[in-house]
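Trainee: output the structure for:
(chains A and B)
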Protein chains: 2
Amino acid sequence: MRIGVLGTGTVGRALAGKLRELGHDVVVGSRVAGDDAQPFADAAAHGELIVNATNGAYALDTLAQAGAENLRGKILVDVTNPLDFSRGRPPTLSVCNDDSLAEQIQRANPEVRVVKTLNTVNANVMVEPSLVPGEHNLFVSGDDADAKAEVVDLLESFGWQRDLILDLGDITTARGPEMYLPLWLRLFGAVAAPNFNIHVVRG
Amino acid sequence: MRIGVLGTGTVGRALAGKLRELGHDVVVGSRVAGDDAQPFADAAAHGELIVNATNGAYALDTLAQAGAENLRGKILVDVTNPLDFSRGRPPTLSVCNDDSLAEQIQRANPEVRVVKTLNTVNANVMVEPSLVPGEHNLFVSGDDADAKAEVVDLLESFGWQRDLILDLGDITTARGPEMYLPLWLRLFGAVAAPNFNIHVVRG
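Mentor: As a prediction, the model looks like this:
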């Protein structure tokens, strides 16, 4: 598949690398085009599916630069967290509670099929879930059922077990995984392990 | 131990029942005193340890009614969630991101040793963790290490495994477990099971 990955940070590089390894035709988009990256608009135009792996603070700007005509009708896999470091560490969220970054992205780009996922694990675990042993979960949120199904297929190709990918519901449910980040940040300290994830255990 | 349980909702009743079953001398406090409940101040005066199991919206008021002189120097186990139903369901949080209910309670009652815990599971699981099979975690947050150690002992007596109770750090870390609630609420729908919890799996 032709895929545009927006963002050249740790997450963008990990996802682009994995997608290429899986045989996809990937163009990476960056604010500063270079050897390995093209402008956001070119990456978006290239992709049948787009991955938003920018810094959360720049996500809306990046998608505006990518251009509505290059995004229209496509699936946008949003893996960002709206982290705000302006008040120090640990960061707060720039949006939460009665809204989410995923919803802001969907509202600003109504013709894009936004699917929120992967934001609850680090870049290593995103593309190599077996780094965390046994069963653990991933979440998907989005308004478009077909888009979510396609993204679940893609996640399965990364190594995520289909029955461990929980569909939380429409795009407003992205508030849950985004607001989990403050707990993730404290767990990162408490478990003292770089790679971890949560498993939802049912009674 | 003499314990005051503030609140007569599902959570307060479950905790009071379990504590009595374990042999503790429990007085339950309620806004409306009756056969089974005394005024908040009497329950607080009775307890060597206090459990705050009120509705999050009334938590600060309840503790004001309980009276600083009845709380001074005691451990306050805060199990509440700051749920705000004024904008419909699912609820939002009345405080989050750069503050938490646990921190508000600690600031309003500086001589109380607040320990946040148990707010990430339902009342059934709080007092009977084996309702969820296998390993799953609980979190504690608080500024006073001795208070947290005493609360961990109490949780162990409920059936929680000591090594599965993760100390997240000081009282500001309560933002994590409180902000997990929006995910908990969506998981409640997605897993379609009344009793569930998360297990933090390390890589």
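
Trainee: now the helices for chain A?
Mentor: With DSSP state H as the criterion, chain A has helices at A:10-21, A:40-46, A:59-66, A:68-71, A:101-108, A:123-127, A:145-158, A:175-179, A:181-191.

Trainee: tell me which of those helices sits most buried.
Mentor: Among the helices of chain A, helix A:175-179 has the highest mean neighbour count (mean count of other CB atoms under 10 Å in any protein chain shown), at a mean of 28. C-betas here are computed from N, CA, C, even on glycine.

Trainee: next, see if that one gets close to chain B.
Mentor: Yes - using CB under 8 Å from any CB of the partner chain, helix A:175-179 reaches chain B at A:175-177, A:179.

Trainee: can you give me the distance of the most centrally placed residue in chain A to A:K18?
Mentor: For chain A, the residue nearest the mean C-alpha position is A:V79 (1.2 Å; CA atoms, centre = their mean). Distance of A:V79 to A:K18, given as CB to CB, to the nearest Å: 12 Å.

Trainee: what's the overlap in contacts for these two?
Mentor: A:M126 (CB atoms under 8 Å, 6 or more residues apart in numbering or on different chains).

Trainee: coming back round to it: export the helices of chain A to a markdown table and tack on distance to B:T92 and mean pLDDT?
Mentor: Shown next, in a markdown table, are these (distance: least, CB to CB, whole Å; pLDDT from 0 to 100):
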| stretch | distance to B:T92 | mean pLDDT |
| --- | --- | --- |
| helix A:10-21 | 28 | 98 |
| helix A:40-46 | 33 | 98 |
| helix A:59-66 | 22 | 96 |
| helix A:68-71 | 30 | 97 |
| helix A:101-108 | 13 | 98 |
| helix A:123-127 | 28 | 98 |
| helix A:145-158 | 24 | 98 |
| helix A:175-179 | 9 | 98 |
| helix A:181-191 | 15 | 95 |
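
Trainee: would you turn those helices into a markdown table with distance to B:V127?
Mentor: Shown next, in a markdown table, are the helices of chain A (distance: least, CB to CB, whole Å):
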| stretch | distance to B:V127 |
| --- | --- |
| helix A:10-21 | 40 |
| helix A:40-46 | 52 |
| helix A:59-66 | 42 |
| helix A:68-71 | 50 |
| helix A:101-108 | 36 |
| helix A:123-127 | 33 |
| helix A:145-158 | 36 |
| helix A:175-179 | 25 |
| helix A:181-191 | 22 |
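
Trainee: right, and those helices - which one's nearest B:L183?
Mentor: Proximity to B:L183 (CB to CB) singles out helix A:175-179 among the helices of chain A, at 3.5 Å.

Trainee: who are the packing partners of that closest one?
Mentor: Applying 3 or more CB pairs under 8 Å, 6 or more residues apart in numbering or on different chains; DSSP states H and E, one finds that helix A:175-179 contacts helix A:101-108, strand A:138-142, helix B:181-191.

Trainee: can I get those in a markdown table including distance to A:V115?
Mentor: Converted to a markdown table, the helices and strands packed on helix A:175-179 look like this (distance: least, CB to CB, whole Å):
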| stretch | distance to A:V115 |
| --- | --- |
| helix A:101-108 | 9 |
| strand A:138-142 | 4 |
| helix B:181-191 | 15 |
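
Trainee: quick one: closest of these to A:G88.
Mentor: That would be, of those and by CB to CB, helix A:101-108, which comes in at 20.3 Å.

Trainee: quick check: bridge partners of the residue lying closest to A:L6 once chain neighbours are set aside?
Mentor: Once flanking residues are discounted, A:L6 sits nearest to A:G29: 4.5 Å by CB to CB, 6 or more residues apart in numbering or on different chains. For A:G29, the beta-bridge assignment (DSSP bridges) gives partners A:L6, A:Q38.

Trainee: between the helices of chain A, which one is closest to B:L164.
Mentor: From these, taking CB to CB, the stretch that ends up closest is helix A:181-191, at 11.6 Å.

Trainee: touching chain B at all, the closest one?
Mentor: Yes - judged by CB under 8 Å from any CB, helix A:181-191 comes into contact with chain B at A:181-187, A:189-191.

Trainee: what sits up against that helix?
Mentor: Contacts with helix A:181-191, where a contact means CB under 8 Å, 6+ apart, come from A:81, A:83, A:90-93, A:119-120, A:196, B:97, B:139, B:166-169, B:173, B:175-177, B:179-180, B:200, B:202.

Trainee: separate out the buried members of these.
Mentor: For the contacts of helix A:181-191, a burial check counting by 16 or more other CB atoms under 10 Å in any protein chain shown picks out A:81, A:83, A:90-93, A:119-120, A:196, B:97, B:139, B:166-169, B:173, B:175-177, B:179-180, B:200.

Trainee: against A:L155, how distant is A:Q161?
Mentor: For A:Q161, the distance to A:L155 (CB to CB) stands at 9 Å.

Trainee: please apply the same query to A:G4.
Mentor: 18 Å.

Trainee: one more: A:A16?
Mentor: 16 Å.

Trainee: next: A:F196.
Mentor: For A:F196 relative to A:L155 (CB to CB), the value is 18 Å.

Trainee: what does A:N52 give?
Mentor: From A:N52 to A:L155 the distance is 15 Å (CB to CB).

Trainee: and A:G34, by the same measure?
Mentor: Taking CB to CB, one finds A:G34 at 29 Å from A:L155.

Trainee: same deal with A:D25?
Mentor: Counting by CB to CB - A:D25 and A:L155 are separated by 19 Å.

Trainee: before we move on, what about A:E128?
Mentor: Counting by CB to CB, the gap from A:E128 to A:L155 is 12 Å.

Trainee: again with A:K74
Mentor: 17 Å.

Trainee: A:V121 too?
Mentor: Taking CB to CB, one finds A:V121 at 11 Å from A:L155.

Trainee: quick check: neighbours shared by the two?
Mentor: A:L138.
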